[in-house]
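**Student:** Quick check, what structure comes out for this input:
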Amino acid sequence: MNGRELKADLNNFLTQLRYLAKKEGRKIYYLWVLEFQKRGAPHFHLLLSVPPDRKLQFQIAKIWHRIAGHGSADHLAWHLRPGNFLNWDTRPGYLTKYLEKADQKNVPYEFEEIGRFWGASRNLIEAPRDIETADLLRLLSPDEIKSIVRWIGKWHERKIRQTQVNIKLSGGNPVPVKSRVRYSSGSVQVASGARIFHQIANYFFKLEEP
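**Tutor:** Numbers count the residues shown, from 1 in each chain. Predicted coordinates for the structure are as follows:
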């Protein structure tokens, strides 16, 4: 088997998985990771957006067995083991470390055209939401606007303190700087402040959802 054949099996499996989910009237999103065992055999890990249950495990195991099992009863039995279908620890740091397991990314000599080691379904990550300032102001009271200004000011001051620390570590002489966000009566532009603004805006929009 080469990389093209392996990815063809994977594509066949994912197509049937999507069909199964659609047939049962539910959406399913996934992230797959390719690894190689010490003996050189390829295997895939699959992270799903739905909680595990025995029915789903059986359905998935049967699909993969039809594609790659070659009639082996041991192959099906292995994929039906409870330990092979668990709740994942999905903290970003854990998942990143898992994807970077270099010792299992060594491609055996006979495997050509292996391609990518991971992939994901479309819409696995929700598309970013554009939030206009006018829309946010429409939802907020004056006290809530003051809270946003205070939160952004605290965030900005933390960024400034970290910058000062970095300057000291590099041997420079930092100049004390205070954030103007909380002390200015006019408009203030904060560099790289879009991320914290969107976090705050999403917080208030979620409060408005029924």
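**Student:** Just to check, L48 is in contact with Y30?
**Tutor:** Yes: assessed by Cβ atoms under 8 Å, L48 is found in contact with Y30 at 5.3 Å. For glycine as for every other residue, the C-beta is placed from the backbone atoms N, C-alpha and C.
**Student:** The lowest-mean-pLDDT helix or strand in the chain: what's the following helix or strand?
**Tutor:** Here the helix or strand of the chain ranked lowest by mean pLDDT, DSSP states H and E is helix 92-99, holding a mean of 57. Counting by DSSP states H and E, the next helix or strand C-terminal to helix 92-99 is strand 118-120.
**Student:** contact partners of that following strand?
**Tutor:** By Cβ atoms under 8 Å, 6 or more residues apart in numbering, the residues outside strand 118-120 that reach it are 29-34, 99.
**Student:** of the residues you listed, the lowest pLDDT goes to which?
**Tutor:** Least confident entry in the contacts of strand 118-120, by pLDDT: L99, with 58.
**Student:** buried ones in the helix or strand encompassing H75?
**Tutor:** Taking DSSP H and E as the criterion, H75 maps to helix 73-79. Neighbour counts over helix 73-79 (16 or more other Cβ atoms under 10 Å) mark 76, 79 as buried.
**Student:** by contact count, what packs against it?
**Tutor:** Where contact means 3 or more Cβ pairs under 8 Å, 6 or more residues apart in numbering; DSSP states H and E, helix 73-79 is packed against helix 54-68.
**Student:** Show me what the helix it packs on packs onto, helices and strands only.
**Tutor:** Applying 3+ Cβ pairs under 8 Å, 6+ apart, one finds that helix 54-68 contacts helix 3-23, helix 73-79.
**Student:** buried ones in it?
**Tutor:** Going by 16+ other Cβ under 10 Å, helix 54-68 has these buried residues: 56-57, 59-65, 68.
**Student:** Kindly indicate which of those residues lies nearest V181.
**Tutor:** L56 (48.8 Å; Cβ to Cβ).
**Student:** Check the gap between the nearest residue to the closest one once chain neighbours are set aside and K23 for me.
**Tutor:** Once flanking residues are discounted, L56 sits nearest to V50: 7.0 Å by Cβ to Cβ, 6 or more residues apart in numbering. Noted for V50: a distance of 14 Å to K23, by Cβ to Cβ, to the nearest Å.
**Student:** Also L17?
**Tutor:** The value you get for L17 to K23, if Cβ to Cβ is used, is 11 Å.
**Student:** Among those two, which residue is more densely surrounded?
**Tutor:** Legend: neighbour count by other Cβ atoms under 10 Å for L17 and K23, higher for L17 (20 against 8).
**Student:** hmm, back to that, name the member of the contacts of strand 118-120 with the shortest distance to H198.
**Tutor:** Y29 (22.1 Å).
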